[in-house]
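Q: Could you work out the structure for the sequence below:
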Amino acid sequence: FDARHTIKALGKLVNCFPWQRAELQQRSHGDSFSASQANQEVSGCMPSLGKLLLSSCSPHPHVRGDEDRGIAQETPMPEFNRADFSQRMRDTVEQLKLMRNDVKDILQTCGHRTVLDIAQRRVTTTPQSAEPKLYGRDHVMNNIIHDITEGQYCDKGLTVLPVIGPGGMGKTTMIQHIYNNQQVQNHFSVRIWICVSFNFNLGKVLEQIKEDTLTVEGENGCSTTQELIEHRLKHKRFLLVLDDIWQFTDVDDWKKLLLILGKSQEKGSVILVTTRQKEIADQVKKSAEPKELNGLEPGEFKKLFLVYVFDAEQCPGDKRFLLDTGDKIMGKLKGSPLAAKTVGRLLRTDPSLAHWKRVLNSKQWAKQSNGIMLALELSYGFLPFHLQRCFSYSALFPEDYRFRSRELISLWIGLDILTPSDQNPTFEGIGLSILNDLVIHGFFREYKTDGGLRYVMHDLLHELALKVASHDCLRLRLPDVGSVEIKPSTRHLSISIENLGGYNGKKLKRELEKLKTRLKVEHLQTLMLFGAMDEGSAKIFGDFLGEANALRVLYLPLLKYPVESMVHNFSGLVHLRFLCLGCLPINISKFYHLRVLDLKSWSSSGDFPEDTSNLAKLCHYYTPRDDKLHYDICNVGKIQLLEKLKVFRVNKKNEGFEPKQLEPLTKLWELGIYNLEKIHTKKEAAQAKLIEKKYLRRLTLGWDSKRSSDEPGVEAMVLECLRPHENLEVLCIRGHRGPTCPTWLGDELAVEALQFLRLDGVSWKVFPSLRNMGDLCELEIQDCPEFSSVIPTSWIESLRRITIECVKLLKRFAYSKSSHGAQLEIIGWGDLQSLDQVLVFDKETGLEKLTLERCPPLELKHLLMLTSLKTLILKHSAGLAGLAGPLGGQGDVEWQLPVEHIEICHLNGNSWNELTELFPHLPKLSKLEIRDCKNITQLVVGVDLRQTASEMGGGEITAATEEEDDGVLLFPAHLCDSLQKLKLLSYPELVLVDSPTLVPGGGWLQSLRSLQRLSIKYCPKFLSAFSFSSHIFPSSLQFLELTKLEGMGTLEPLSNLSSLTRLVLEFCGKDLKCQGLQSLLTTGSQLKELEVRGSHRFFANWDPNPRRAVEDVEGGEEQPTQLVASTLRKLCTDDAAGLLAAPICSFLSSSLTKLKLHGYGPEGMERFSKEQEDALQLLSSLQKLEFRHFHHLQQIPAGLCNLTSLKMLSINHCPAVSSLPSDGLPKSLEKLDVYDCSEVLKRQCRWMLGTIPKTIRG
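A: Predicted structure coming up:
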């Protein structure tokens, strides 16, 4: 086996020796690199290799060299003797086994492969940056952030800002930091990151925007993706990042995108574009000039370089002897962050002067090429040979690919380039080790997603992979067939058939025939196809692949049809090692050399053939679900090389599923054994031989939770006998009903390497001592009613994740640690007396978010340990915190917490007093939400607590007496500068009280001068103490929501809110009038959205342009004031009668684009008057009009045909409306939505099908 690997590796490398490279380069490009130079480069290694192979290079020992070759040719060919030939082959293999390691060592010293340049390609990027600190780009980054959030672009229309620079200069990394900047997040309500492929594809970009934007009300009527995006972004300020655009297939696509996104009515939206191409920057820019990135300034570059080498910005004292050499190497890297990373990682592997000198003096630097690519090629050249091979074949995957580990490892297995060793004898182990090494060397980057770990690479590294693999690999898109170089040595082919547009069958056939004339299909060993196809296209590919009989790798994950329809000679592919299909082949058991079978994309169901165990060399197989197919292999013990068996059901049938089937599977990496309740004896359990499976890393042991009877003693014995090897890393035990944990998991811990433990539905009374598991990273305990343990915070923080659910005292205990910080959630059953029963705060914690529900109050000793806390959420608990005495009994000792966000819900006890005492210790509090704490009855804002305490002679802060202080919540003075968001919900007795001791800034809530968002809902008495003779709220407000707030009367108290963009008033009194609204809608104000419901005469008799008397020398005449344009774009009201007046509609005509009329009024409007219909026609900018819940309305207003901008008309829950306007609908209408209306109206809508692009009837 090892010898065969050596032969194949040697054979592949023969093409890569420098003298052959020189010949190829001279023949193809006239390169100045000569064969003599190449020979000198390897002169040190080839004599040794020649000596090693001298004895085994020919089957005929007497044939020595050229002088004997003619004699050999004249000798008659002897008769073939099978036995003799087999013996000679065995002898040769044995000789090669002896010299394998020597050959490997020599090959390692040979120069790395250099091949021809190919077209550039692209790998996907994400908004998450792998670099926590940005070096040398602070000035540019801060300028961009300022310009788009508060500078020159913040109040303009759509801005396109290109960032241009060579590959590897950090464009993407800088944009990632901008994208995730808190100021940017606060400024843009929508952020979208799109990695653009090699070709800008408008359809893909629009689909990605659709996926990354939230649904909004009324979007169900949008018929196209374009309409949907326009609707979602219409009133949103958005940031769109288009990362790494290479070219436009059609420049008009870019113009179309700008047209779609430019319809947003919110100012300040921005598109950030990164590109290497100046012509792309010139095409996309509007008014903004491109930002150009070049190499980092030397000082900053040196810091970055040293971080990659030494994990510090300064060279350690004992390594200063390397600095001179390091400085010379840095000078060759052109200030490129990517080059700093790859070369820095290379130097890090061996911090010796000899190694650094070898890197500095490498002949690679002498090449006339891109400096950054030279650095990458240099790093590649110093990789061990096995890492070079594995990295290079990643080029076969598409440019926008996030690799899963199984995909890369499966390909490597299929290509026969993984060589297990004594230390790592499994393919899974060696594959993961190689992936980890490539990450360490900077060639891959780990990227965590909800679907698990992915691997990505920089686009220049992907380009490098394509370059170094081009001698035998070809990756293409079908339209590129005529423009790419296809070499005779091509053995591995990858074709992308995605986004082929108008490719019909004839065109596809022509392209494949053209490819077949230039490519020897019969020599192909690998075929990978990316993209879905129909059955007709599959048959056309079948004609192309007719002679592909030597395939080792066949990768067709989206092929849903029988594979024979595409690969006609499929049953003859006897050399297959890796097979990936979207369906299960019937004759799968005939592929005796198959090592990997991937059916992950299979959407159907079925069973493996009974003779599947004939696949004796199978190592890995993947199915759509772990509980399907895996247990269908009878006599699985015959597949002795199997490394993954996720589900093995004990005694599923009478024969072939006994525990003894597991004994021969000594190379298992992952194993799941289920239905263990069917094992009744110690002998049966021992037959699995788990303790001998030293390569096993993941193990699941499951008992059926729905079984009818238990045998606790037998189950305890069985589990004890299933002791795994000490190397186990992941263990899951389900449904075990024995009395205690096994000794090998408890007092006599035998799995000390365990990193993940899950216990699900076990009935143990004695659980393992978790603190003894020093390597444990993740813990899950679920449905274990007897589990009870006090966990110290220091031990929690040593783990990555803990989830404990449905146990004694706790409904849920969840801790997680990620790049977003550490967070802990504790939900009790209501019977916890103290947090000390489940959690010990034994040191200051790094927790950033803490959620407590149905838990006892936090004690001061707990709070003092939460030194990193940013978010505190308390729900359904007895109180906020058990603080004793003034300021928590700390006397004059000052303590503070960095909490920025507090959410309080359904607290009992003296929550007002606890909050009042807590607030002074939260200097950074910016977001506060308090709901359903019935005992809070008064709110006083802007209190200088120190001055109040001094006036009261010290002691507790009270208004007059201790009794009068009950229920009073005090906001201290510092909240006036820190609080940005405030939400108060469901306080029927809460009253706002003007403070007797005020900080500067005004009374009531005005002193909260940094407040931007305020919601007060279901607090009817909140303003009962306010005289309404002055302003209530701070002018900094941008969003205000008031629900069931009584007594306001008019909007005059809001007239100072010049920054307000959205105002919601729901059921704030039937007599509420819009007096004062004009000041919020005219020049200098920002109000764009207004929603008023429950005040049915809100607009009655309002004239936004009143006439005034002026003194005129010719006699005092009344003159109208100059009409000022409105800022309002979106209006929702149930006062249709008052709104539809000529003065109001004239005032709103130039700005209002969306109008929603509700019919909840008490009179029950039956029809619109002529004056109201005429007024409605004045709204010339109206694009969307909705009528909702007009239960008595019989007719939609006439004259809608005159609304020439109207695109959507919606009539919902209007059962009495029997017809559309008799004078028709506007020609501009694109969508008609009729829902829950009369059948007569629906029938009329059916007649209109085809006259309006989209008609919805519900």
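
Q: CA atoms for contacts and neighbours, from now on please.
A: OK.

Q: For stretch 1210-1226, measure first residue to last.
A: End-to-end distance of stretch 1210-1226: 14 Å, with C-alpha to C-alpha, to the nearest Å as the criterion.

Q: buried ones in that stretch?
A: 1210-1220, 1225-1226 (16 or more other C-alpha atoms under 10 Å).

Q: Now tabulate the residues you listed in a markdown table and tack on pLDDT and secondary structure.
A: Listed next are these as a markdown table, based on pLDDT from 0 to 100; DSSP: H, G, I helix; E, B strand; the rest coil:
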| residue | pLDDT | secondary structure |
| --- | --- | --- |
| Ser1210 | 93 | strand |
| Ile1211 | 92 | strand |
| Asn1212 | 91 | strand |
| His1213 | 90 | coil |
| Cys1214 | 91 | coil |
| Pro1215 | 91 | coil |
| Ala1216 | 90 | coil |
| Val1217 | 90 | coil |
| Ser1218 | 87 | coil |
| Ser1219 | 87 | coil |
| Leu1220 | 89 | coil |
| Leu1225 | 90 | coil |
| Pro1226 | 91 | coil |
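
Q: Reformat these as JSON lines; add distance to Thr740.
A: Output for the buried residues of stretch 1210-1226, formatted as JSON lines (distance: C-alpha to C-alpha, whole Å):
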{"residue": "Ser1210", "distance to Thr740": "65"}
{"residue": "Ile1211", "distance to Thr740": "65"}
{"residue": "Asn1212", "distance to Thr740": "62"}
{"residue": "His1213", "distance to Thr740": "62"}
{"residue": "Cys1214", "distance to Thr740": "66"}
{"residue": "Pro1215", "distance to Thr740": "66"}
{"residue": "Ala1216", "distance to Thr740": "70"}
{"residue": "Val1217", "distance to Thr740": "71"}
{"residue": "Ser1218", "distance to Thr740": "73"}
{"residue": "Ser1219", "distance to Thr740": "74"}
{"residue": "Leu1220", "distance to Thr740": "74"}
{"residue": "Leu1225", "distance to Thr740": "76"}
{"residue": "Pro1226", "distance to Thr740": "77"}
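
Q: pretty sure Met717 contacts Lys682?
A: Yes. Shown here, Met717 and Lys682 form a contact pair, counting by C-alpha atoms under 8 Å, at 6.8 Å.

Q: care to break the protein down by domain?
A: 2-109, 138-292, 298-399+419-468, 669-779 (automatic domain parsing).

Q: For Glu1052, which of those is the nearest?
A: Nearest to Glu1052, of all the domains of the chain, is domain 138-292, at 26.3 Å by C-alpha to C-alpha.

Q: how far does the closest one stretch from start to finish?
A: With C-alpha to C-alpha as the measure, what separates the two termini of domain 138-292 is 14 Å.

Q: Same question for stretch 592-607.
A: 19 Å.

Q: Same question for that stretch: list its buried residues.
A: 592-602.

Q: try stretch 546-560
A: For stretch 546-560, using 16+ other C-alpha under 10 Å, the buried residues are 547-560.

Q: Identify all contacting residues around stretch 1217-1227.
A: Residues from elsewhere that reach stretch 1217-1227, judged by C-alpha atoms under 8 Å, 6 or more residues apart in numbering: 1192-1204, 1206, 1237-1238, 1240-1241, 1244.

Q: Report how many residues lie close to His235.
A: His235: 18 surrounding residues under other C-alpha atoms under 10 Å.

Q: so it sits in a helix?
A: No. Applying DSSP: H, G, I helix; E, B strand; the rest coil, one finds His235 to be coil, outside a helix.

Q: counting contacts, what elements does the helix or strand harbouring Asp282 pack onto?
A: Taking DSSP states H and E as the definition, one finds Asp282 inside helix 278-284. For helix 278-284, the elements it packs on are strand 159-164, judged by 3 or more C-alpha pairs under 8 Å, 6 or more residues apart in numbering; DSSP states H and E.

Q: partner strands of the strand it packs on, parallel or antiparallel?
A: strand 270-275 (parallel), strand 291-292 (parallel) (DSSP bridges).

Q: Past the last one, which element shows up next along the chain?
A: Meaning strand 291-292. Past strand 291-292, the next helix or strand by DSSP H and E is helix 298-310.

Q: Can you tell me what sits against that following helix?
A: Contact partners of helix 298-310, identified using C-alpha under 8 Å, 6+ apart, comprise 135-136, 312-316, 330, 335-337, 340-341, 344-345, 347-348.

Q: Now the buried members of those.
A: 135-136, 313, 315, 330, 335-337, 340-341, 344-345, 347-348.

Q: Filter those down to the ones in helices?
A: The helices, defined by DSSP state H, take in 330, 337, 340-341, 344-345, 347-348 from the buried ones among the contacts of helix 298-310.

Q: Out of those residues, the closest to Lys234 would be?
A: Scanning those for proximity to Lys234, where the rule is C-alpha to C-alpha, the winner is Pro337, at 38.7 Å.

Q: and that closest one, what does it touch?
A: With C-alpha under 8 Å, 6+ apart, Pro337 has these contacts: 168-170, 295-296, 301, 304-305.

Q: Same question for Lys506, what's its three-state structure.
A: Here Lys506 is recorded as helix under three-state DSSP.

Q: Let me fix that, I meant to ask about Ile209.
A: helix.
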